[in-house]
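Asker: here is the input, now give the coordinates:
(one chain, ligands or ions: 1)
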Amino acid sequence: MTVGVLAFHGDFAEHLEVLRNLKVKCIEVLSLDDLKKVSHLIIPGGESTVIGKFLESTGVGAAIKKRVNKRSLAIYGTCAGAILLARTVKGKNPPKSLKLMNITIERNAYGSQMQSFQADIGVKGLAKPLPATFIRAPIILDHGSAEILAEYGGHPVLVREGRILAGTFHPEVRGQEQIHRIFLTM
Ligand code: GLN
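Answerer: The predicted structure follows:
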């Protein structure tokens, strides 16, 4: 298993550190060649509009879609990454998303940076609540038929559809490994 972290922009370094701590083989993904080497891909947080532009201009976005359709790639999107996976994106300046998950998400739905926060959330399969960090986070308005693995404030914050996992919070910023462990089983 080789896990790739999309490294155009955003907090990819923190994800790579979590993966290294888990002793998983991991690489930065910046090109079509890199993408060919991975069985799992993390799309990190950052600005979904910026990551979306790189996905389009490099052709990596189209290649990701093909791999997912062939069921040869598992994906975990955090925050901006989750936005880029959604079929429908609401809010100002929505990015061009990959539309790989049948969910509706609203970017910057809690407000500005001042409304970033931490909260303990219960995650399906984890024994203890996880302190979760939400940074200019989106809200999942409709999770379609995706399975809800965690909720906060009446909204899903971690959902799974097949081999795709989307979370609106950032376990990687505190070096938390639990959600990555779940992803690695997918
Ligand atoms: N607000 C960012 C966006 O819409 C996401 C923030 C994040 O990834 N922490 O793209």
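Asker: how near is residue 104 to residue 164?
Answerer: From residue 104 across to residue 164, the span is 15 Å (C-beta to C-beta, to the nearest Å). To be clear about C-beta, it is placed using only N, CA and C from the backbone, and glycine gets the same treatment.
Asker: which one of the two has more residues nearby?
Answerer: Between residue 104 and residue 164, counted using other C-beta atoms under 10 Å, residue 164 has the larger neighbour count: 23 against 16.
Asker: okay, that one: pLDDT?
Answerer: We have a pLDDT of 98 for residue 164.
Asker: isn't it up against residue 101?
Answerer: Yes. Counting by C-beta atoms under 8 Å, residue 164 does reach residue 101; the two are 5.3 Å apart.
Asker: which neighbours do the two have in common?
Answerer: residue 85 (C-beta atoms under 8 Å, 6 or more residues apart in numbering).
Asker: specify the local secondary structure of the residue lying closest to residue 61 once chain neighbours are set aside.
Answerer: Once flanking residues are discounted, residue 61 sits nearest to residue 55: 3.2 Å by C-beta to C-beta, 6 or more residues apart in numbering. Recorded secondary structure, residue 55: helix (DSSP: H, G, I helix; E, B strand; the rest coil).
Asker: repeat for residue 102
Answerer: Using three-state DSSP, the structure places residue 102 in strand.
Asker: that one: how many residues sit nearby?
Answerer: Residue 102, neighbours per other C-beta under 10 Å, totals 15.
Asker: buried residues in stretch 17-27, which are they?
Answerer: Judged by neighbour count using 16 or more other C-beta atoms under 10 Å, the buried positions of stretch 17-27 are 18, 19, 24, 26, 27.
Asker: what of stretch 179-186?
Answerer: Residues of stretch 179-186 classed as buried by neighbour count (16+ other C-beta under 10 Å): 179, 180, 182, 183, 184.
Asker: what is the mean pLDDT for it?
Answerer: On average, stretch 179-186 scores 97.
Asker: does the strand or helix carrying residue 13 reach the ligand?
Answerer: Taking DSSP states H and E as the definition, one finds residue 13 inside helix 12-21. No. Applying C-beta under 6 Å from any ligand atom, one finds helix 12-21 separated from the ligand by no less than 11.3 Å.
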